[in-house]
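Dropping a prediction and its sequence here:
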Amino acid sequence: ISFMKAASTQQAQGAQDAVADQLYALIAEHKKDYSRQDVLNQFIELGMGAKRYDIVEDYLASFINMGAKVPALYHLIAVAQERQPNMPKAIASIRNCFQANGPKTESMYEAAGRILCRGDLNDLDLCRKLLEQGFNEYQRNSEIFLLLAEVYQMLGRHEELLPLYKQAITTNPFNHTFHFVLGLVTMITSNLTSGFEPYKHRFLLPSFKDNTAYVPWPEWQGEPLQGKKIYIRAEQGVGDILMWAGLIPWVQQQGADITLSVPARMMVLFERSFPSIKIVDKHLVLPTEELLTHFEYYSPLGNLMQYALPHYKPAEHAPYLIPDKDAVAKKRAEYLAHNPKAKKLVGISWHSTAVTGWRRNIPLEAMSPLLQDPEAVYISLQYNQQLDDVDDYNKNHDQEIIPDLSFIAVDDIDMWATQHAAMDEVYSIQNSTVHLAGGLGVPTTIFLQPYGSFHWGNGRNPNPWYKSVTICQQKVGRKWDAVIKDYARSLKKK
């Protein structure tokens, strides 16, 4: 324990090497005794906290080599390997965990759900079986259930999810996470015609706290809006806001006097795109008098789907986002100057830094069949620059990808819109690039993972949001390399 106290102090001071020395000293002291659970737990906590997953892995593996093949050790090794990350080794370890004799804890099932879904189809199917087993044993564990639902989606088995969710809600009627995800799945299976009511449970989840506005006005439930004042508040990420903004013209058609609050970095684009409505900063604190007197209704932006989509599909109307035309012309000329033979500009986006980004991301190299036109200039539209990816790609290809370092997209959404509007076409994974390009009317292909997303309904063409966006959906078990090669061939035939 004294080793632990000394090492903890040094860790707080950022002395990573000293932490490693203390860990090794502890190993020397207790290397043959894994029965001291208190020491083992503190060792793991310290090692994980110091991000010395390699030391943790080696120490725990030494017990396995001594014959201590128990689930708990394999589980801890798998977690250490997951965090390195070394997913092939983590997958092997979590498989060993469930093959070893001994009780299986909730955290073991959670680790299996996180790790096995990163493997091949066999791993994914084992993941499903283990999570089903885990949820039967721990029916109040939301994490296990959500992991199980994600695996069903990754296998393309959305329809089987609905009775599963309804059963879970019957057992746990006050679990808002279950209601929320039921809404997401229903929106996918119904192609955005239902699922909106359970989706409203999102505002009862801690992760959506920032999207909840505390206002004195009644929430709009579809009442007539002619002559009424309504305060609509943007919610969630940039892509969600851009997509749902396509429903604002429908609210205008209802005769409403609209105030729309958006993040400050999006205000310039929205003021130009919707000149007849008032755009305010989402984080602005309104004066008390205005709060009490100015609005008959309030609505989160995402709730517009329930009332607008049955009657109005943005894809059937003109693009609703308006860029700065002079800035677009200037940016277009700047990009075309990279290639004297260029006749078109093609934007690409391949990576998301979101927590679930690994499920959507495509290796940049896999997109190379789309980037072979000698009369095109290829521009990175990455929200985050991913410059290492670009450098690696450009070293191996004559046709280079051009990153634009003249602005920071995360801070300047209007200039990012200018960049997108300068493109003749766009190729992208599921991220905010697609929503921005689609809202501007730029011809765009989205490469969508097998389990899709509620944003795109059932993943079929045409989609309800953007006339200019075509969906190319990956089939379960198919690698992106093959999908994109086939898609590139189909374009050549056209």
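Looks like it came in fine.

Next, the buried residues of stretch 407-422.
Within stretch 407-422, the residues scored as buried using 16 or more other CB atoms under 10 Å are 409, 412-422. The C-beta positions use only the backbone N, C-alpha and C, and glycine is treated the same way.

so how far is stretch 484-493 off the chain centroid?
Counting by CA atoms, centre = their mean, to the nearest Å, stretch 484-493 is centred 27 Å from the centre of its parent chain.

quick one, what contacts I446?
Applying CB atoms under 8 Å, 6 or more residues apart in numbering, we find I446 in contact with 428-430, 434, 456, 469-472.

Would you mind listing the outside residues contacting the helix or strand where W358 lies?
If you go by DSSP states H and E, W358 is part of helix 357-360. For helix 357-360, contacts defined as CB under 8 Å, 6+ apart pick out 118, 154, 351-352, 354, 429-431, 449, 451.

In it, which of the residues would be classed as buried?
The neighbour-count check on helix 357-360 (16+ other CB under 10 Å) flags 359-360 as buried.

Use 11 as the first number from now on
Got it, first residue is 11 now, which makes that one helix 367-370.

After it, which helix or strand is next? Please name it.
Trace forward from helix 367-370 with DSSP H and E and the next one is strand 386-390.

Which positions in stretch 147-161 come out as buried?
Neighbour-count burial for stretch 147-161 flags 148, 151, 153-161 (criterion: 16+ other CB under 10 Å).

So what's the gap between it and the chain middle?
With CA atoms, centre = their mean as the basis, stretch 147-161 stands 19 Å off its chain's centre.

pLDDT of that stretch, averaged?
Here stretch 147-161 scores 88 as its mean pLDDT.

Can I get that stretch in CSV? Just the C-alpha atoms.
Extracted in CSV, the C-alpha atoms of stretch 147-161 (Å, rounded to 0.1, in the frame of the first residue of the first chain):
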residue,chain,number,x,y,z
GLU,A,147,-29.1,-12.2,-16.1
TYR,A,148,-28.9,-8.4,-15.5
GLN,A,149,-32.1,-7.0,-16.8
ARG,A,150,-31.8,-3.6,-15.2
ASN,A,151,-28.3,-3.0,-16.8
SER,A,152,-28.9,-0.3,-19.4
GLU,A,153,-25.4,-0.5,-20.7
ILE,A,154,-25.6,-4.2,-21.6
PHE,A,155,-29.0,-3.6,-23.3
LEU,A,156,-27.7,-0.7,-25.3
LEU,A,157,-24.7,-2.6,-26.5
LEU,A,158,-27.0,-5.5,-27.5
ALA,A,159,-29.2,-3.1,-29.4
GLU,A,160,-26.1,-1.7,-31.2
VAL,A,161,-25.0,-5.2,-32.2
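
thinking again about what came up before, now tabulate the buried residues of stretch 417-432 in JSON lines and tack on distance to Q396, pLDDT and secondary structure.
Shown next, in JSON lines, are those (distance: CB to CB, whole Å; pLDDT from 0 to 100; DSSP: H, G, I helix; E, B strand; the rest coil):
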{"residue": "A419", "distance to Q396": "12", "pLDDT": "90", "secondary structure": "coil"}
{"residue": "D422", "distance to Q396": "18", "pLDDT": "92", "secondary structure": "coil"}
{"residue": "I423", "distance to Q396": "18", "pLDDT": "96", "secondary structure": "helix"}
{"residue": "D424", "distance to Q396": "22", "pLDDT": "97", "secondary structure": "helix"}
{"residue": "M425", "distance to Q396": "18", "pLDDT": "97", "secondary structure": "helix"}
{"residue": "W426", "distance to Q396": "15", "pLDDT": "97", "secondary structure": "helix"}
{"residue": "A427", "distance to Q396": "20", "pLDDT": "98", "secondary structure": "helix"}
{"residue": "T428", "distance to Q396": "20", "pLDDT": "98", "secondary structure": "helix"}
{"residue": "Q429", "distance to Q396": "15", "pLDDT": "98", "secondary structure": "helix"}
{"residue": "H430", "distance to Q396": "17", "pLDDT": "98", "secondary structure": "helix"}
{"residue": "A431", "distance to Q396": "21", "pLDDT": "98", "secondary structure": "helix"}
{"residue": "A432", "distance to Q396": "20", "pLDDT": "98", "secondary structure": "coil"}
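
Among the contacts of I456, name the buried ones.
Neighbour counting with 16+ other CB under 10 Å marks 438-440, 444, 466, 479, 481-482 as buried within these.

Pull out the buried positions in stretch 89-97.
89-92, 96-97.

Quick check: nearest residue in space to D422, chain neighbours excluded?
Distances taken as CB to CB, 6 or more residues apart in numbering place R275 nearest to D422, at 6.8 Å, with adjacent residues excluded.

Quick check: beta-bridge partners of D267?
Beta bridges link D267 to K239, judged by DSSP bridges.

Quick check: it vs F284, distance?
From D267 across to F284, the span is 13 Å (CB to CB, to the nearest Å).

And the two? Which one has more around it.
Between D267 and F284, counted using other CB atoms under 10 Å, F284 has the larger neighbour count: 20 against 17.

For the more buried one, give me its contacts.
Contacts for F284 (CB under 8 Å, 6+ apart) come out as 255, 258, 270, 330.

so which of the residues you listed is the most crowded?
Ranking the contacts of F284 using other CB under 10 Å puts A255 first, with 25 neighbours.

My read is that that one contacts G449, right?
Yes. Assessed by CB atoms under 8 Å, A255 is found in contact with G449 at 6.8 Å.

who touches both of those two?
By CB under 8 Å, 6+ apart, the residues touching both A255 and G449 are 330-331.

on that earlier part again, now the contacts of helix 367-370: which count as buried?
The neighbour-count test (16+ other CB under 10 Å) applied to the contacts of helix 367-370 identifies 128, 164, 361-362, 439-441, 459, 461 as buried.

Y308 belongs to a strand, doesn't it?
Yes. Judged by DSSP: H, G, I helix; E, B strand; the rest coil, Y308 forms part of a strand.
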